[in-house]
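A.B. asks: can't give you the sequence, but here's the structure:
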């Protein structure tokens with residue numbers, strides 16, 4: 001089934017071109033759960049055959065990722081925040097909780113957004129607390145772009161180098177995710193130490 005879906009996506013991307021990548025990545029980055037792996041790995045494979053440009057794939061992917069992230073951000077900011085301010089007390093989320101979240105994202109929003117964009121399953125969700133806490137939009141956009149570009153590049157390179165070998169893709173992707181988690185743990189520890197030292 002995964003192979004059939006990937007095959008269908010290769011055909012869809014080939015038919016729609018970079019617009020297809022842009023739209024699929026916007027969907028992936030918004031509220032609709034949709035794995036970016038089955039968009040960008042086939043796109044990378046098409047690039048290896050000379051049928052697409054890696055740089056244009058990356059631009060389309062970044063544009064789509066930012067659009068999806070902004071949809072989540074502004075939905076949380078204008079709809080979610082108003083809803084929680086009005087009804088949050090019924091689900092144990094008070095205005096004080098939102099204020100604490102806002103303070104956290106004012107101080108740690110950049111690192112949270114950047115690392116969140118590199119973690120599968122968290123990538124889409126990180127935009128929600130950023131919007132709820134009214135994180136600075138320019139900072140949000142910058143670190144969303146940085147994290148999204150790194151993640152997209154990993155997947156495109158995988159598709160470019162490995163192509164249609166599904167077993168190898170799964171193996172490499174699993175290893176890459178483990179490496180990312182390890183690196184993020186190191187980054188988080190260094191960030192924590194520096195933040196703690198700055199407050200002393």
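C.D. replies: Done, it's in. Note that this is a predicted model, so its numbers are computed, not measured.

A.B. asks: Give me the contacts around the strand or helix carrying residue 24.
C.D. replies: Per DSSP states H and E, residue 24 falls inside helix 18-29. Surrounding helix 18-29, the residues in contact under the criterion Cβ atoms under 8 Å, 6 or more residues apart in numbering are 9, 12-13, 16, 34-36, 39-40, 43, 52, 56-57, 59-61, 63-69, 71-72, 123-124, 127, 148, 152. The way it works is simple: take the backbone N, C-alpha and C, and place the C-beta from them, glycine included.

A.B. asks: Find me the pLDDT at residue 194, would you?
C.D. replies: Residue-level confidence at residue 194 comes out at 63, pLDDT.

A.B. asks: next one: residue 140
C.D. replies: 92.

A.B. asks: secondary structure class for it?
C.D. replies: Secondary structure for residue 140, judged by DSSP: H, G, I helix; E, B strand; the rest coil, is helix.

A.B. asks: Tell me, what's the model's pLDDT at the nearest residue to it once chain neighbours are set aside?
C.D. replies: With sequence-adjacent residues excluded and distances taken as Cβ to Cβ, 6 or more residues apart in numbering, residue 140 is closest to residue 130, at 5.3 Å. Note on residue 130: pLDDT of 86.

A.B. asks: isn't residue 130 right up against residue 106?
C.D. replies: No: in this structure residue 130 lies outside contact range of residue 106 using Cβ atoms under 8 Å: 10.8 Å.

A.B. asks: More neighbours: which of these two?
C.D. replies: For residue 130 against residue 106, the residue with the higher neighbour count under other Cβ atoms under 10 Å is residue 130, and the figures read 27 against 13.

A.B. asks: Show me the shaky parts of the chain.
C.D. replies: When residues are selected by pLDDT under 70, those of the chain lie in 1-14, 33-34, 84-95, 97-98, 101, 104, 163-200.

A.B. asks: do that again at 90, thanks
C.D. replies: 1-17, 20, 23-46, 48-51, 72, 75-136, 147, 151, 154-155, 157-200 (pLDDT under 90).

A.B. asks: Which parts of it are helices?
C.D. replies: 2-16, 18-29, 37-48, 54-75, 81-87, 95-116, 127-132, 137-162, 166-199 (DSSP state H).

A.B. asks: Great, nothing more from me.
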